[in-house]
Every structure is written in C-alpha cells, then in structure tokens.
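J.: Would you be able to build a 3D model of this:
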Amino acid sequence: MEKKVWLISHCGPENIGGCENATNIWVTELIRRGANVTWLYPDRAKYRLDKNSNPSNEQLNVQVLETVNFPKIRRLVIPTTTSQIHFHRMYIDQKPDTIILNGYCSPLFQDTLLASIRFCRRQPNIFHIFHGELGISPDLSPLTSLRRQIISQLHFGLVNSFRNVKYIAVSESTRQQLLRSRFFSPDTNIDVVYPSSPDACSQRRPEPDNNQNSFVATTVSRLSPGKGIETLIDLATQAKKRNLPFQFNLVGPAHHQPYLDQTTAMFQGIVNLIGQKTGQDLCLSYLNSDLSVMSSPAEGFGLVTVEALNHGVPVLATQIPATEEIFRHFNHLPGFLIPRLPNRSFDLNTATDFMSRFAQYPQLRSDLYKVTEPSRRIFNSTSQTNRLADLVLG
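T.: Alright, predicted model coming up:
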C-alpha cells in the first residue's frame with residue numbers, strides 16, 4: 001500500500017545547501033520505495049513529488065501545484081486562521097500517513113499545521129528531524145532568549161500531544177544538545193542518522209606532490225556571517241602578511257556580494273570567489289584543493305567536512321562538537337581543529353601556524369592524505385539514507 005508522506009521544511013528543494021541536499025537524497029529514497037511525498041514549506045509555494053517525477057540526487061524534478069500564502073514580517077511566518085483552515089482541508093483531503101518535521105527553523109509554520117490537525121480523529125506518525133541546535137544560547141539578548149524559550153515550549157508541548165512521535169538527530173552531538181535542553185527528559189529516545197551527501201564522483205584527489213610549492217585552500221559554504229566568512233577573510237589577510245603560498249577559493253552562494261566583491265578585488269589572485277557549484281563541478285572543486293577550511297562557528301553535523309575528507313582533502317576547521325564528532329571516527333586526526341573564540345570562529349595565529357607547517361612539510365601533507373582514506377566507508381551515505389527510510393516507512 002502506498003504511503004503518503006508530508007515533509008514540512010523551512011525551505012524548498014530548489015535551495016542548495018547541506019540540509020537541502022541531504023533532504024533531497026532522503027526524499028528520493030522514500031519515493032524510490034513507493035512513498036508519495038508532498039513537500040511543504042513557508043516560501044509561498046507548495047511542491048509535490050511523486051514516483052513519476054523521476055528525481056535524482058542531482059536535481060529533484062518538482063511540479064508547482066498551488067500557492068500557499070503566509071503573511072511575513074521580517075521572514076517570520078505569521079500563523080493565521082486562513083492558513084490553519086487551508087492545512088486542515090489539505091489534511092482531510094490527502095490523509096497523509098506520516099508527517100516529517102524537517103529541522104527547527106520554522107516552528108511557527110510547523111505549529112500552524114500541527115494545530116490545524118491536532119483534534120482530527122485520524123492522527124499521523126510524526127518524525128521530528130533536528131539538523132542542529134535549538135537556537136537558544138547564552139549569547140542571545142534576554143528578550144530574544146525569552147521569546148525563543150516560549151516558542152520552543154509551545155512547539156514541543158504541541159508536538160508531544162500527538163500519540164506517535166519519534167525524534168531524529170543528524171549527529172550524536174546534536175542529540176546530546178537536545179537532551180541537555182529543558183524540552184527533553186534524559187531518557188527520551190532520539191535516533192541518530194547522519195545526513196547524506198550527493199556524491200557526484202567517487203574519486204579521491206591524487207596523492208600530494210612532495211615538490212609542490214603552492215596550495216589551494218577551499219571553503220564550501222554559504223558565504224555569510226553566520227558561517228564565519230569574516231574570519232575566513234581575516235585568515236586570508238594573515239596568510240598574505242606571512243607570505244604563505246595559499247590561494248583561497250570560496251565556493252557557495254554569496255549573501256553579501258558587495259563586501260565579497262570588494263574583498264576579492266583587494267586580494268586579487270589570493271581570494272577567488274568561485275560561486276555556487278553542484279554535482280560534478282562541486283566534485284572538481286574538492287579534487288583541485290589541497291586543504292579544506294571550515295570557519296563556521298556552529299554546525300549540526302558539518303557535511304562539507306565529510307565531503308572534503310571523502311575526496312582526500314584534509315580539513316582545517318573550527319573546534320565545535322560537530323567537527324569533533326567527525327574527527328573521532330578516525331584513528332588519527334585528518335586535519336586540525338582550532339578552538340572557537342567568543343568574538344570570531346577561531347584564532348588566526350593558530351590557523352596560520354598550521355597552514356605554514358602544511359606548506360613546509362611534505363610528510364605532513366602525505367600523512368593527512370592517508371588518514372582520510374577510510375572516510376567514505378565511515379560515512380556511508382547509502383546506509384544512512386536507508387536507515388532513515390526504514391525508520392520513516394517502517
């Protein structure tokens with residue numbers, strides 16, 4: 001019997017990013033197994049995916065069926081009576097067996113839907129997937145922290161009022177963060193399923209050349225303050241001052257284009273704004289790299305770190321729970337973790353010291369390359385995707 005699944009997410013399948021790529025792969029597997037998936041998100045459009053879409057890991061072929069309007073104030077989705085009635089009618093009409101709450105970026109959007117079906121006699125199975133922390137930290141202002149606490153309290157109260165609810169975290173560090181929060185009891189069962197990466201090629205880059213005297217450091221990320229772009233530019237500045245033989249390739253969508261254009265003009269030949277790459281082009285970006293730099297101050301899992309290691313590229317990254325968890329899977333460290341600082345992602349002097357040693361010692365480069373070899377076996381996308389599909393479809 002065909003299972004109907006609603007995927008409730010904060011963004012749609014046309015977005016390109018770690019969470020979206022992983023979700024696309026999960027949805028593809030659900031469809032391959034015969035599920036009928038409807039993807040809902042608060043960006044004023046509803047996408048429906050079915051078996052006839054013939055989706056691939058590269059690009060899900062989606063069809064716009066209708067528009068779902070939600071008033072917004074500064075990107076905040078405002079639940080309305082009209083939207084609740086709309087969701088209720090959709091639920092009665094489509095009768096989904098399973099609802100996946102994908103992420104925690106739009107709890108009000110998720111709650112609007114859940115509230116509209118809370119008292120329906122027929123209740124779905126609910127899976128709540130967490131890609132990162134709850135967004136509540138000591139760095140927030142008291143008012144913002146209080147607002148998020150209230151929203152979270154209402155959200156989890158509503159979710160837990162349903163009979164069949166299961167929680168999934170994309171990493172063990174995320175699971176531990178959830179269990180430490182006030183919204184979960186220590187004995188709450190939270191499954192861990194690593195996100196999957198769209199692997200356009202199974203290649204590893206060639207073994208490093210001992211006589212190499214220039215190097216490429218690549219960052220694959222959304223180029224925004226939330227991902228530590230300022231720290232990355234400061235790192236390039238420091239590397240230039242110390243005459244380190246590195247070029248920095250920035251791969252990803254630019255959220256502050258004028259700032260990045262000005263920066264790349266200042267560092268012409270040192271900082272290169274590559275733009276967003278997917279599929280084989282993204283694969284080539286990794287294969288042409290000597291070092292992957294991840295300056296994000298917070299990650300749920302750190303998918304780009306795994307992607308770099310899969311291609312044989314050692315990693316220089318912020319020391320956060322997500323990257324520590326990835327590194328723990330290796331017998332020896334496949335790179336270098338730099339402790340996070342309060343005012344920036346990591347200490348620049350420590351980072352440039354490592355880059356200097358990396359450029360100076362061929363044996364270090366060779367050793368790091370060899371350490372990355374088991375990465376594809378450790379982080380097997382197929383097994384993780386199958387595991388999530390097994391949990392959702394039973």
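
J.: For residue 337, give me its contacts.
T.: 317-319, 323-324, 327 (CB atoms under 8 Å, 6 or more residues apart in numbering). (Each C-beta comes from the backbone N, C-alpha and C, glycine too.)

J.: if you set the cut-off to 10 Å instead, what comes out?
T.: Residues near residue 337 by CB atoms under 10 Å, 6 or more residues apart in numbering: 294, 315-320, 323-324, 326-327, 346, 350, 354.

J.: For those, which PyMOL command selects only the ones that are buried?
T.: Selection of buried members from the contacts of residue 337 for PyMOL, criterion 16 or more other CB atoms under 10 Å:
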select buried, resi 294+315+316+317+318+320+323+326+327+346+354
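
J.: Present the contacts of residue 337 as CSV; the columns should include distance to residue 144, pLDDT and secondary structure.
T.: Converted to CSV, these look like this (distance: CB to CB, whole Å; pLDDT from 0 to 100; DSSP: H, G, I helix; E, B strand; the rest coil):
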residue, distance to residue 144, pLDDT, secondary structure
294, 27, 94, strand
315, 32, 97, strand
316, 32, 97, strand
317, 28, 95, strand
318, 23, 93, strand
319, 26, 93, strand
320, 21, 91, coil
323, 26, 93, helix
324, 27, 94, helix
326, 30, 95, helix
327, 32, 95, helix
346, 25, 85, coil
350, 31, 94, helix
354, 35, 96, helix
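
J.: Throw the contacts of residue 337 into a markdown table and include distance to residue 101, thanks.
T.: As requested, these are arranged in a markdown table below (distance: CB to CB, whole Å):
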| residue | distance to residue 101 |
| --- | --- |
| 294 | 27 |
| 315 | 31 |
| 316 | 34 |
| 317 | 29 |
| 318 | 28 |
| 319 | 30 |
| 320 | 24 |
| 323 | 26 |
| 324 | 27 |
| 326 | 25 |
| 327 | 30 |
| 346 | 33 |
| 350 | 39 |
| 354 | 40 |
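
J.: okay, among the contacts of residue 337, which ones form the most distant pair?
T.: Spatial extent of the contacts of residue 337 (CB to CB) is set by the pair 326 and 350 at 19.2 Å.

J.: Settle this for me: residue 101 is touching residue 8, isn't it.
T.: Yes - applying CB atoms under 10 Å as the test, residue 101 and residue 8 come out as touching, 5.2 Å apart.

J.: Neighbour count: those two, which is higher?
T.: residue 101 (26 against 23; other CB atoms under 10 Å).

J.: Helix, strand or coil: sort out that one for me.
T.: For residue 101, the assignment made with DSSP: H, G, I helix; E, B strand; the rest coil gives strand.

J.: what's near enough to touch it?
T.: Taking CB under 10 Å, 6+ apart as the test, what residue 101 contacts is 6-9, 107, 109-111, 113-114, 126-130, 155, 159, 165, 167-168.

J.: got the phi/psi numbers for the residue lying closest to residue 389 once chain neighbours are set aside?
T.: In this structure, residue 389 finds its nearest non-sequential neighbour in residue 29, 4.7 Å apart by CB to CB, 6 or more residues apart in numbering. Main-chain torsions, residue 29, degrees, to the nearest 10: phi -70, psi -40.

J.: show me where pLDDT drops low in the chain?
T.: Regions of the chain meeting the criterion pLDDT under 70 cover residues 1, 10-18, 42-83, 105-106, 133-141, 198-201, 343.

J.: Mind splitting it into its structural domains?
T.: When the chain is parsed with automatic domain parsing, its domains come out as 4-197+380-393, 215-378.

J.: okay if I get those as JSON lines plus distance to residue 208?
T.: Converted to JSON lines, these look like this (distance: least, CB to CB, whole Å):
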{"stretch": "domain 4-197+380-393", "distance to residue 208": "23"}
{"stretch": "domain 215-378", "distance to residue 208": "4"}
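
J.: one step back: number of nearby residues for the residue nearest to residue 389?
T.: Neighbours around residue 29, by other CB under 10 Å: 21.

J.: cool, residue 268 as well?
T.: Other residues close to residue 268 by other CB under 10 Å number 8.

J.: Surely it forms part of a helix?
T.: No - counting by three-state DSSP, one finds residue 268 to be coil, located in no helix.

J.: give the contact list for it.
T.: Counted by CB under 10 Å, 6+ apart, residue 268 has zero contacts.

J.: thought residue 191 was touching residue 169?
T.: Yes - applying CB under 10 Å, one finds residue 191 in contact with residue 169, separated by 7.3 Å.

J.: The two: which is more packed in?
T.: More crowded of residue 191 and residue 169, by other CB under 10 Å: residue 169, with 24 against 14.

J.: for the stretch 151-300 of the chain, what spans make up the strands?
T.: Shown for the stretch 151-300 of the chain, the strands assigned by DSSP state E, counting those that start in this stretch span residues 165-169, 190-192, 215-220, 246-251, 271-275, 291-294.

J.: Now tabulate those strands in TSV and tack on distance to residue 91.
T.: Below are the strands of the stretch 151-300 of the chain laid out as TSV (distance: least, CB to CB, whole Å):
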stretch	distance to residue 91
strand 165-169	17
strand 190-192	25
strand 215-220	38
strand 246-251	40
strand 271-275	40
strand 291-294	40
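
J.: Thanks again, I'm all set now.
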